[in-house]
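Peer 1: let me see the structure of the following:
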Amino acid sequence: MRGERRARAAGAWLLLAALAGCGAQPPAGDEVWAEVNGRPILRSQVEKYYQRQVGLQPEPPTAEEIQARKLAILNELIQDEILWQKAAQANLLATDGEVEARLEELRSTFSPEEFQQQLTAQGMTLEELKAELRREISLRKLLDKSLAAGLEVSDQEVTDFYEQHQNRFRFLETQYHVAQILVTPRPEPQVRNLKNDDAASDLEAQRKIQALLTRLRAGDDFRELARNYSEDPATALAGGDLGFFAESSLAQAPPALRAAVQQSVVGQVVGPVRTPSGYHLVKLLEREEPGQRELADPSVQQTIREQLLAHKRQLLEAAYIERARNQARVANYLARQILESHRVAP
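Peer 2: Now for the predicted structure:
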């Protein structure tokens, strides 16, 4: 799970880039490649996103591969434009406050310099980014409201799923759910805690970790201290949550850290533990022993319910988007050009 938050942020940049400029009027020399209820989607929008993707390919694509990829990008933009128009009609467009909150969430995963580098790499200004965040939030609000009635999971559905997939809830070894606060004995180029707090030497690190331990013993919340002071860029903003580790995977951890986890009681904070990375305060959030998890276990029920909800949402979103597309007036001029260039009859 380390780096999952950053991966999600990187994925958000790609999504926002894909949405950039939907509904704009064509400038001189540009070409309309599609229309959705009379609103144009331009060739330049598709080309801009395609150029970001082509550099990731190991070898040059064929002419047909290029056209196929651009057609797929255009279809994504058509879909987003359809949903944007429906969100506007339903008065579900994002507010300024929602946009600013999402922007701060995106910023928090990067240093100021990295954030600007991301903007530059995507060829976007801050105002363009805000506009696309507004679009992203609006589409999510539309889908959330439209699908809410269908996103229910009954107790019987949970029971049926468990009966059919009991092997998924049989653990072969102990699982540890761990959180940490890390303080490093050197200046870090990327500090992403909320206080931007960074120990610059071993002495400063020792003083800082002891001060944090004192606050924990006085009753301060571990998660909030991690968010404010941990120097692990991958987990600080997630409250230090490292996720679950199987017993066998702990063999890769430094011996002192491994012992701290294995010997901890759930809810206990252990440390400081010294490793080559720095000083750690470790908290064991959960311990799952080997064996079969029964349906009566609340965590099993929650896991099943979340999986079923995710599957239902995926299905309903696909059906909703398909219906919305059928209801819209869509003209895909690029598809027409491709067919004509290959002499495919109407």
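Peer 1: and the helix ranked longest in the chain, which residues are buried?
Peer 2: Taking DSSP state H as the criterion, the chain has its longest helix at helix 298-327. Within helix 298-327, the residues that count as buried by 16 or more other Cβ atoms under 10 Å are Val300, Gln301, Thr303, Ile304, Arg305, Leu308, Lys312, Leu316, Tyr320, Ile321, Ala324. Heads up, the C-betas are built off the backbone N, CA and C, glycines and all.
Peer 1: could those go into CSV alongside distance to Gln89?
Peer 2: Below are the buried residues of helix 298-327 laid out as CSV (distance: Cβ to Cβ, whole Å):
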residue, distance to Gln89
Val300, 42
Gln301, 38
Thr303, 37
Ile304, 36
Arg305, 32
Leu308, 31
Lys312, 25
Leu316, 20
Tyr320, 15
Ile321, 16
Ala324, 11
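Peer 1: on that earlier part again, just how off-centre is the helix or strand following the longest helix of the chain within its chain?
Peer 2: The C-terminal neighbour of helix 298-327 among helices and strands, as given by DSSP states H and E, is strand 330-332. Taking Cα atoms, centre = their mean, to the nearest Å, one finds strand 330-332 lying 31 Å from the centre of the chain it belongs to.
Peer 1: strand 330-332 - contacts with which helices or strands?
Peer 2: Here strand 330-332 touches strand 32-36, helix 63-89, going by 3 or more Cβ pairs under 8 Å, 6 or more residues apart in numbering; DSSP states H and E.
Peer 1: quick one: which of those is nearest Glu289?
Peer 2: Nearest to Glu289, of all those, is helix 63-89, at 45.3 Å by Cβ to Cβ.
Peer 1: buried sites along the closest one?
Peer 2: For helix 63-89, by 16+ other Cβ under 10 Å, it's 67, 69-71, 73-75, 77-87.
Peer 1: kindly report the same for stretch 146-155.
Peer 2: Across stretch 146-155, burial judged by 16+ other Cβ under 10 Å covers Ser146, Leu147, Val153.
Peer 1: ok, so of these, who is nearest Ser277?
Peer 2: Nearest to Ser277 among the buried residues of stretch 146-155, with distances taken as Cβ to Cβ, is Val153, at 41.3 Å.
Peer 1: quick revisit: among the buried residues of stretch 146-155, which one sits closest to Gln175?
Peer 2: Using Cβ to Cβ, Val153 comes nearest to Gln175 of the buried residues of stretch 146-155, at 24.4 Å.
Peer 1: show me what the helix or strand in which Val99 is found is packed against.
Peer 2: In the assignment (DSSP H and E), Val99 maps to helix 96-107. Helix 96-107 is packed against helix 126-147, with contacts defined by 3+ Cβ pairs under 8 Å, 6+ apart.
Peer 1: next helix or strand past the helix it packs on?
Peer 2: Assigned by DSSP H and E, the successor of helix 126-147 is helix 155-164.
Peer 1: what angle sits between that next one and helix 298-327?
Peer 2: Following axes from the mean of the first three to the mean of the last three Cα atoms, to 10 degrees, one obtains 110 degrees for the angle between helix 155-164 and helix 298-327.
Peer 1: which strands and helices lie in contact with helix 155-164?
Peer 2: Helices and strands touching helix 155-164, as assessed by 3+ Cβ pairs under 8 Å, 6+ apart, comprise helix 298-327.
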